[in-house]
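**Q** quick one, fold the following:
(chains A and B)
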Amino acid sequence: MSLRQRREDARPEHHARPGRFEADAVLGVVAREWILYGQSWRATTFAAVVEPTLYLLCFGFGMGALIGTLAGYSYIDFLGTGIVAVSVMFQSMMPAVINTFIKRRFLHTYEGILAAPVDVRELVTGEALWLALRSGVYGCVPLLVAIGFGLRPGPGMLLVPLIAFLAGFAFALFGIWISAVITSVRSMDYVFSGLFTPLFLVAGTFFPITELPTWVQTAAMANPLYHAVELIRGSVFGGLGAGQALLHVAILAGFAYLMWNLAAFQMRRRVVG
Amino acid sequence: MRGFSDMALELRGKPLAIRSWAVYFGPMTRQGPGSLVPAIQLRGVVKRFGPLTAVDGLELEVPQGVVLGLLGPNGAGKSTTMKMLTAQSIADEGAIRILGHDIPTESKWARARMGVVPQHDNLDEELTVEQNLRMFSFLYRVPRRRRREAIERTMRLAQLEDRGETPVDDLSGGMRRRLLIVRALLHRPELVLMDEPTVGLDPQVRQDLWGVISALRDEGVTVLMSTHYIEEAERLSDEVALMAKGRVVERGTPVDLVTKYAGTTVEEYTPQGEGGLAELERLVHEHGFTTRRTGTSLSVLRAEELPESLRDRLGRPQRRASNLEDVFVTLTGENVE
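**A** Residues are numbered from 1 along each chain as shown, chains lettered A, B, ... in the order given. I've put the predicted structure just below:
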């Protein structure tokens, strides 16, 4: 073995002082998820494709035959765009709540990660970023299914992955925050029934919220999923003004920022004693 | 603050021998034994959980290049101490420094320079040995061009080089634990913290793991290893710190501690009849010797100094060499395995 080689072998792998918030640490967490995804992509893809297809088949054809058009769109088009947002929420928030809780409480995964030069905020960001990336891709699946069911493709659809990414990031952080708040698996019942259900029902997914009582409409404005639905529908069908679009984006981004801080704060309380 | 070698490097304007040789010799030369900066310093560290004080004014200093065994029974505060060193638990009082970095404010930098072997097996079971190591090579920022080498080196160290493609779920308990240890070595840390690395393993597997830990010692890596196995601490550690009730009660090399507190020989007497044990104990204590009860017998420490007149009255003993357990029980009144 040459002197150079031996010198290389003996050199520690770290050189520079780590920063407060490092992209490398975040990417390390994302890379970990990517490797894990290599084992689970079939099941994930199956769920991402089958679920919206069933929704569109049952609701689209079943309800669509009764309703015909809604808010100026065929019901299946209306539903197809709504399902994209719901799919993003489920693809990001559900694993964020369940997987993050399991990794923290039962698998001790975060103990291992936080023993490496990774901080809680970087960990939370990495987890959310991965789920957002996944949502950005899988969120488009219902759109493709809807195209298969007759939705007319348009250039605005190219924005859907970006919207799905932003919404997915926000919902993933929301889910991570919840997972750090709850103390047992049983508490998840409250989350799924008391939070998930109203979120996706009162968001203009299956029907326009204008049909709901005024106070519910007001409440729906605070529902980030509603803003995601409006953005996706506006991109696919057009007709959304720049001001409105920016407002929806700003609300989603603001929600993501709030959840980023809450998730990091609450997770730190859980994993740092 | 810049170190001397960095300044010399700058004066000459090109990468130079000082730095190069430091790198060649690795951690030992850069900050070896006798270096001004200890690997670990704890000063008056206190950690409370509600009414329970888990760590109570802990003072501990570990020089670089030393393997220190932190020995104590369950509940002595070993794991809490380990967590504080990685900033996964924050001390209520006192100061902690690792490799010169203040904890918790500079913990990330300290963690970049150390490896941690957790008590809980948190390997990803569905992934292969190689994938588990690859994941942590990202987290430890092993440069891309050196990742393959780092993974192969650690697999060799764990004697798992032919198991790279085996899912962790299919590994034996000993293999898993070896993998858990070498996972912390991917980035060639200067300091390795091991929290009960062999807990729950059968004796044969435990001895296999000792080989891995010994190899680290041979490389000059500083190791702080908590354990409640006497034999493990005795065989692997340059020094042992005995911990009880959140404090270090004594510290030294195993040989020195045994010599100081238990002499060279222990004699065990098994009296007949009720009250015999108490009577023997009284008799021995009258002569100023230290004893410990082991089941139905009484162990007399420093037995090589027993006067023959007393020995005649005690009966027929079983002799054995003094060990660290005798020291530990004498100092703390508590038993360990």
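**Q** residues contacting residue A:87?
**A** By Cβ atoms under 8 Å, 6 or more residues apart in numbering or on different chains, the contact set of residue A:87 is A:48, A:51-52, A:135, A:138-139, A:141-142. In short, each C-beta sits where N, CA and C put it, glycine included.
**Q** for the residues you listed, which one is nearest residue B:309?
**A** Lowest distance from residue B:309 to these (Cβ to Cβ) belongs to residue A:135, with 85.3 Å.
**Q** turn the contacts of residue A:87 into a markdown table, including distance to chain B.
**A** Converted to a markdown table, the contacts of residue A:87 look like this (distance: Cβ to the nearest Cβ, whole Å):
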| residue | distance to chain B |
| --- | --- |
| A:48 | 20 |
| A:51 | 23 |
| A:52 | 26 |
| A:135 | 22 |
| A:138 | 20 |
| A:139 | 25 |
| A:141 | 24 |
| A:142 | 28 |
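**Q** dump those into CSV; add pLDDT, secondary structure and distance to residue B:38 as well.
**A** As requested, those are exported to CSV (pLDDT from 0 to 100; DSSP: H, G, I helix; E, B strand; the rest coil; distance: Cβ to Cβ, whole Å):
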residue, pLDDT, secondary structure, distance to residue B:38
A:48, 85, helix, 53
A:51, 85, helix, 57
A:52, 83, helix, 59
A:135, 91, helix, 48
A:138, 91, helix, 51
A:139, 88, coil, 53
A:141, 89, helix, 56
A:142, 88, helix, 59
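**Q** low-confidence bits of chain A, can you list those?
**A** A:1-19 (pLDDT under 70).
**Q** so where do the helices sit in it?
**A** Here chain A has its helices, by DSSP state H, at A:3-10, A:23-55, A:64-67, A:75-105, A:109-115, A:120-138, A:141-148, A:160-181, A:188-191, A:197-201, A:214-221, A:224-237, A:242-271.
**Q** which residue is nearest the centroid of chain B?
**A** A centroid search over chain B (Cα atoms, centre = their mean) returns residue B:225, at 1.8 Å, as the residue closest to the centre.
**Q** in contact with that one: list those residues for me.
**A** Taking Cβ under 8 Å, 6+ apart, we find residue B:225 in contact with B:67-70, B:193-194, B:197, B:213, B:232-233, B:236-237.
**Q** filter these down to just the ones in strands.
**A** B:67-70, B:193-194 (DSSP state E).
**Q** can I get the residues you listed in TSV with pLDDT and neighbour count?
**A** Formatted as TSV, these follow (pLDDT from 0 to 100; neighbours: other Cβ atoms under 10 Å in any protein chain shown):
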residue	pLDDT	neighbour count
B:67	94	22
B:68	95	24
B:69	94	26
B:70	94	29
B:193	96	28
B:194	94	27
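**Q** show me where pLDDT drops low in the stretch 1-150 of chain B?
**A** Along the stretch 1-150 of chain B, segments meeting pLDDT under 70 span B:1-36.
**Q** around chain A, pick out the residues from it.
**A** B:20, B:23-27, B:49, B:83, B:86-90, B:108-109, B:111-113, B:116, B:118, B:120, B:122, B:124, B:126-127, B:131, B:134-136, B:138-143, B:146, B:149-150 (Cβ under 8 Å from any Cβ of the partner chain).
**Q** correct me if wrong, but residue B:250 is in a strand.
**A** Yes - assessed with DSSP: H, G, I helix; E, B strand; the rest coil, residue B:250 lies in a strand.
**Q** and the most centrally placed residue in chain A, how far is that from residue A:43?
**A** Nearest to the mean C-alpha position of chain A, by Cα atoms, centre = their mean, lies residue A:168 at 2.3 Å. Between residue A:168 and residue A:43 the computed distance is 19 Å (Cβ to Cβ, to the nearest Å).
**Q** likewise residue A:140?
**A** Going from residue A:140 to residue A:43 by Cβ to Cβ gives 19 Å.
**Q** which of those two has more neighbours?
**A** residue A:140 (19 against 9; other Cβ atoms under 10 Å in any protein chain shown).
**Q** surely that one and residue A:159 touch.
**A** No - using Cβ atoms under 8 Å, residue A:140 is not in contact with residue A:159, being 10.9 Å away.
**Q** what sits closest to residue B:208 if chain neighbours are left out?
**A** Distances taken as Cβ to Cβ, 6 or more residues apart in numbering or on different chains place residue B:174 nearest to residue B:208, at 5.4 Å, with adjacent residues excluded.
**Q** and the pLDDT for that neighbour?
**A** In the prediction, the pLDDT value recorded for residue B:174 is 88.
**Q** help me confirm that it comes into contact with residue B:205.
**A** Yes - Residue B:174 sits in contact with residue B:205 when judged by Cβ under 8 Å, with a separation of 3.5 Å.
**Q** in stretch B:97-111, which residues are buried?
**A** Residues B:97-101, B:103-104, B:106-111 are the ones in stretch B:97-111 that count as buried (16 or more other Cβ atoms under 10 Å in any protein chain shown).
**Q** can you count the residues close to the nearest residue to residue B:196 once chain neighbours are set aside?
**A** Sequence neighbours aside, residue B:119 is the residue nearest to residue B:196 in space, at 4.7 Å (criterion: Cβ to Cβ, 6+ apart). Each residue near residue B:119 was counted by other Cβ under 10 Å, and the total is 19.
**Q** my guess is residue B:119 contacts residue B:199. True?
**A** Yes - assessed by Cβ under 8 Å, residue B:119 is found in contact with residue B:199 at 6.4 Å.
**Q** the residue nearest to residue B:196 and residue A:111, how far apart?
**A** Between residue B:119 and residue A:111 the computed distance is 9 Å (Cβ to Cβ).
**Q** so where do the helices sit in chain B?
**A** B:4-12, B:17-25, B:27-30, B:78-85, B:107-112, B:129-139, B:144-157, B:173-183, B:203-218, B:230-236, B:254-262, B:276-286, B:308-314, B:324-332.
**Q** just the C-alphas of stretch A:67-87, formatted as CSV.
**A** What follows is stretch A:67-87, C-alpha atoms only, in CSV (Å, rounded to 0.1, in the frame of the first residue of the first chain):
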residue,chain,number,x,y,z
ILE,A,67,-74.9,15.1,-11.0
GLY,A,68,-73.7,15.7,-14.6
THR,A,69,-72.0,19.0,-14.3
LEU,A,70,-70.8,21.0,-11.2
ALA,A,71,-69.6,24.6,-11.0
GLY,A,72,-69.4,24.5,-14.8
TYR,A,73,-67.3,21.3,-15.1
SER,A,74,-68.2,17.7,-15.7
TYR,A,75,-68.4,16.0,-12.3
ILE,A,76,-65.6,13.6,-13.1
ASP,A,77,-63.3,16.5,-14.1
PHE,A,78,-64.3,18.4,-10.9
LEU,A,79,-63.6,15.3,-8.8
GLY,A,80,-60.4,14.3,-10.6
THR,A,81,-58.7,17.6,-9.8
GLY,A,82,-60.0,17.5,-6.2
ILE,A,83,-58.7,14.0,-5.7
VAL,A,84,-55.2,15.2,-6.7
ALA,A,85,-55.1,17.5,-3.7
VAL,A,86,-56.6,14.8,-1.4
SER,A,87,-54.1,12.3,-2.7
